[in-house]
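**Q** Take a look and give me a structure for this.
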Amino acid sequence: MTKKATSAVAWCEKHRKLLYPSRKGARMAARQHSDHKVAYECTVLEGYFHIGHLPPAVKVGRISRDQLIEKVL
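**A** Okay, here's the model as predicted:
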């Protein structure tokens, strides 16, 4: 069984954020921050993930994460 790297492997020039090769790795990195960071898929490089802040509307419960994803797609 091969294990994917859990640390950032590159820099995304478009989003100006670190790229993680797996959602699990990005989530582990997000947990190290205490300010509501989450993992999400990069829209440029398929199969890679970033970490970032939740929008305020999700934090206060006006919309769910699923609704946020529907808006992006």
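**Q** For the chain, just list every one of the strands.
**A** All strands of the chain, identified by DSSP state E, fall at 10-12, 17-19, 37-41, 49-53.
**Q** Now mean pLDDT too, for those strands, in TSV please.
**A** Formatted as TSV, these follow (pLDDT from 0 to 100):
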stretch	mean pLDDT
strand 10-12	92
strand 17-19	93
strand 37-41	86
strand 49-53	90
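**Q** ok, now how distant is the residue most central in space within the chain from residue 46?
**A** Centroid-nearest residue in the chain: residue 39, 2.3 Å away (criterion: Cα atoms, centre = their mean). Residue 39 sits 15 Å away from residue 46, going by Cβ to Cβ, to the nearest Å. For the C-beta atoms, the positions are set from N, CA and C on the backbone; glycine is no exception.
**Q** now swap in residue 7 and tell me
**A** 20 Å.
**Q** Which one's more surrounded, those two?
**A** residue 7 (11 against 7; other Cβ atoms under 10 Å).
**Q** Spit out the contact partners of the more buried one.
**A** For residue 7, the contact set (Cβ atoms under 8 Å, 6 or more residues apart in numbering) comprises 20, 25, 29.
**Q** Give me the buried positions along stretch 41-61.
**A** 42, 48, 49, 50, 51, 58 (16 or more other Cβ atoms under 10 Å).
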